[in-house]
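Colleague: the following block contains a protein sequence and its predicted model.
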Amino acid sequence: MLPVFLLVLDQDVNAETAMLYPELYKDLLKGRELSFKMFFIWVLISIFQGGAIMYGALWLFSGEFIHIVAISFTALIITELLMVALTIRTWHWLMAVAELLSLCVYVASLFIFDEYFDREFITTWPFWWKVTVITLFSCVPLYILKYLRKKFSPPSYSKLSE
(Lines give C-alpha, C1' and ligand atoms only; values in the text may rest on other atoms or scores of the structure.)
Protein backbone atom coordinates (compact mmCIF):
# COMPACT_ATOMS: atom_id res chain seq x y z
CA MET A 1 0.00 0.00 0.00
CA LEU A 2 2.83 2.40 0.77
CA PRO A 3 4.34 2.47 -2.75
CA VAL A 4 1.03 3.52 -4.31
CA PHE A 5 0.83 6.61 -2.09
CA LEU A 6 4.45 7.48 -2.76
CA LEU A 7 3.82 7.68 -6.52
CA VAL A 8 3.06 11.36 -5.87
CA LEU A 9 6.84 11.84 -5.57
CA ASP A 10 7.37 10.65 -9.14
CA GLN A 11 8.36 13.31 -11.69
CA ASP A 12 8.37 13.28 -15.47
CA VAL A 13 10.88 16.14 -15.55
CA ASN A 14 12.65 18.17 -12.88
CA ALA A 15 11.24 21.48 -11.64
CA GLU A 16 13.63 23.64 -13.67
CA THR A 17 12.67 21.92 -16.92
CA ALA A 18 8.96 22.21 -16.09
CA MET A 19 9.33 25.95 -15.53
CA LEU A 20 11.37 26.33 -18.72
CA TYR A 21 8.85 24.39 -20.87
CA PRO A 22 5.32 25.03 -19.56
CA GLU A 23 3.85 23.55 -22.77
CA LEU A 24 4.61 20.13 -21.29
CA TYR A 25 1.40 20.48 -19.26
CA LYS A 26 -0.76 21.23 -22.32
CA ASP A 27 -1.79 17.56 -22.44
CA LEU A 28 -3.01 17.76 -18.84
CA LEU A 29 -5.17 20.76 -19.69
CA LYS A 30 -6.83 18.76 -22.45
CA GLY A 31 -7.89 16.17 -19.86
CA ARG A 32 -6.49 13.16 -21.71
CA GLU A 33 -4.70 11.71 -18.71
CA LEU A 34 -7.76 11.81 -16.44
CA SER A 35 -10.57 10.75 -18.74
CA PHE A 36 -13.15 7.97 -18.84
CA LYS A 37 -11.07 6.32 -21.54
CA MET A 38 -8.02 6.15 -19.25
CA PHE A 39 -10.20 4.96 -16.38
CA PHE A 40 -11.58 2.10 -18.48
CA ILE A 41 -8.11 1.21 -19.72
CA TRP A 42 -7.01 0.85 -16.09
CA VAL A 43 -10.11 -1.25 -15.37
CA LEU A 44 -9.28 -3.53 -18.31
CA ILE A 45 -5.69 -3.85 -17.10
CA SER A 46 -7.00 -4.84 -13.66
CA ILE A 47 -9.38 -7.40 -15.14
CA PHE A 48 -6.55 -8.87 -17.24
CA GLN A 49 -4.19 -9.08 -14.28
CA GLY A 50 -6.83 -10.50 -11.95
CA GLY A 51 -7.82 -13.10 -14.52
CA ALA A 52 -4.20 -13.97 -15.25
CA ILE A 53 -3.48 -14.44 -11.56
CA MET A 54 -6.59 -16.50 -10.77
CA TYR A 55 -6.58 -18.65 -13.92
CA GLY A 56 -2.82 -19.06 -13.67
CA ALA A 57 -3.14 -20.18 -10.06
CA LEU A 58 -5.95 -22.60 -10.90
CA TRP A 59 -4.06 -23.99 -13.87
CA LEU A 60 -0.62 -24.37 -12.27
CA PHE A 61 -1.91 -25.52 -8.89
CA SER A 62 -4.87 -27.57 -10.09
CA GLY A 63 -4.40 -30.32 -7.51
CA GLU A 64 -3.77 -27.96 -4.58
CA PHE A 65 -6.99 -25.99 -4.07
CA ILE A 66 -6.29 -25.73 -0.36
CA HIS A 67 -3.35 -23.43 -1.12
CA ILE A 68 -5.10 -21.20 -3.66
CA VAL A 69 -5.30 -18.25 -1.23
CA ALA A 70 -1.56 -18.22 -0.58
CA ILE A 71 -0.78 -18.65 -4.27
CA SER A 72 -3.09 -16.00 -5.66
CA PHE A 73 -2.49 -13.48 -2.89
CA THR A 74 1.30 -13.81 -3.16
CA ALA A 75 1.14 -13.39 -6.94
CA LEU A 76 -1.15 -10.37 -6.48
CA ILE A 77 1.16 -8.63 -3.99
CA ILE A 78 4.26 -9.24 -6.10
CA THR A 79 2.42 -8.15 -9.26
CA GLU A 80 1.28 -4.88 -7.72
CA LEU A 81 4.72 -4.10 -6.28
CA LEU A 82 6.25 -4.84 -9.66
CA MET A 83 3.69 -2.72 -11.53
CA VAL A 84 4.30 0.23 -9.21
CA ALA A 85 8.06 -0.16 -9.70
CA LEU A 86 7.61 -0.24 -13.48
CA THR A 87 5.39 2.85 -13.39
CA ILE A 88 7.90 5.04 -11.57
CA ARG A 89 9.93 7.30 -13.87
CA THR A 90 12.13 9.06 -11.30
CA TRP A 91 12.99 7.05 -8.21
CA HIS A 92 13.04 8.68 -4.79
CA TRP A 93 14.67 6.90 -1.88
CA LEU A 94 11.33 6.78 -0.05
CA MET A 95 9.84 4.82 -2.94
CA ALA A 96 12.51 2.14 -2.67
CA VAL A 97 12.03 1.97 1.11
CA ALA A 98 8.26 1.67 0.66
CA GLU A 99 8.62 -1.15 -1.88
CA LEU A 100 11.00 -3.09 0.36
CA LEU A 101 8.95 -2.43 3.50
CA SER A 102 5.76 -3.61 1.80
CA LEU A 103 7.47 -6.79 0.62
CA CYS A 104 8.94 -7.44 4.08
CA VAL A 105 5.58 -6.90 5.78
CA TYR A 106 3.95 -9.35 3.39
CA VAL A 107 6.64 -12.02 3.86
CA ALA A 108 6.37 -11.57 7.64
CA SER A 109 2.59 -11.94 7.44
CA LEU A 110 3.03 -15.26 5.63
CA PHE A 111 4.71 -16.62 8.75
CA ILE A 112 2.71 -14.73 11.39
CA PHE A 113 -0.72 -15.74 10.07
CA ASP A 114 0.02 -19.43 9.81
CA GLU A 115 -3.67 -20.31 10.14
CA TYR A 116 -4.18 -18.81 6.64
CA PHE A 117 -0.88 -19.79 5.04
CA ASP A 118 0.73 -23.23 5.13
CA ARG A 119 4.28 -22.45 6.21
CA GLU A 120 5.66 -25.71 4.86
CA PHE A 121 4.06 -25.14 1.46
CA ILE A 122 5.16 -21.52 0.98
CA THR A 123 8.79 -22.40 1.61
CA THR A 124 8.91 -24.95 -1.21
CA TRP A 125 10.51 -24.43 -4.60
CA PRO A 126 7.36 -25.41 -6.61
CA PHE A 127 5.34 -22.70 -4.84
CA TRP A 128 7.82 -19.95 -5.68
CA TRP A 129 8.52 -20.88 -9.29
CA LYS A 130 4.80 -21.15 -10.02
CA VAL A 131 4.10 -17.81 -8.32
CA THR A 132 6.91 -16.32 -10.42
CA VAL A 133 5.38 -17.69 -13.64
CA ILE A 134 1.94 -16.33 -12.70
CA THR A 135 3.40 -12.93 -11.83
CA LEU A 136 5.37 -12.73 -15.07
CA PHE A 137 2.31 -13.77 -17.07
CA SER A 138 0.30 -10.96 -15.50
CA CYS A 139 3.02 -8.27 -15.89
CA VAL A 140 5.15 -8.93 -18.97
CA PRO A 141 2.43 -8.47 -21.64
CA LEU A 142 1.46 -5.13 -20.10
CA TYR A 143 5.07 -4.02 -19.92
CA ILE A 144 5.59 -4.94 -23.58
CA LEU A 145 2.53 -2.89 -24.56
CA LYS A 146 3.75 0.02 -22.45
CA TYR A 147 7.19 -0.17 -24.07
CA LEU A 148 5.71 -0.27 -27.58
CA ARG A 149 3.43 2.68 -26.83
CA LYS A 150 6.34 4.69 -25.47
CA LYS A 151 8.49 3.73 -28.47
CA PHE A 152 5.95 4.61 -31.18
CA SER A 153 4.04 7.40 -29.42
CA PRO A 154 6.44 9.00 -26.95
CA PRO A 155 5.11 11.49 -24.40
CA SER A 156 6.08 15.13 -24.88
CA TYR A 157 8.48 15.18 -21.91
CA SER A 158 10.57 12.33 -23.33
CA LYS A 159 11.81 14.56 -26.16
CA LEU A 160 13.66 16.68 -23.59
CA SER A 161 15.58 13.76 -22.13
CA GLU A 162 17.13 12.75 -25.47
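Modeller: Yep, that arrived.
Colleague: quick one, what contacts the residue of the chain most remote from its centre?
Modeller: Here the chain reaches farthest from its C-alpha mean at L20, the gap being 31.8 Å by Cα atoms, centre = their mean. For L20, the contact set (Cβ atoms under 8 Å, 6 or more residues apart in numbering) is empty. Every residue, glycine included, has its C-beta placed from N, CA and C.
Colleague: again with T123
Modeller: Per Cβ under 8 Å, 6+ apart, neighbours of T123: none.
Colleague: next SSE after the helix-or-strand element of the chain with minimal mean pLDDT?
Modeller: Ranked by mean pLDDT, DSSP states H and E, the weakest helix or strand in the chain is helix 26-30, scoring a mean of 63. Next in sequence after helix 26-30, counting helices and strands by DSSP states H and E, comes helix 36-60.
Colleague: that following helix: what's the following helix or strand?
Modeller: helix 68-87.
Colleague: contacting residues around that next one?
Modeller: 3-4, 7, 10, 49, 53-54, 56-58, 60-61, 64, 99, 102-103, 106, 110, 116-118, 121-122, 127, 130-131, 134-135, 138-139, 142-143, 146.
Colleague: ok, now stretch 110-120?
Modeller: 66-67, 69-70, 74, 109, 122.
Colleague: report how far apart the opening and closing residues of it are.
Modeller: Start to finish, the residues bounding stretch 110-120 are 11 Å apart (Cα to Cα, to the nearest Å).
Colleague: what's the average pLDDT for that stretch?
Modeller: Stretch 110-120 shows a mean pLDDT of 83.
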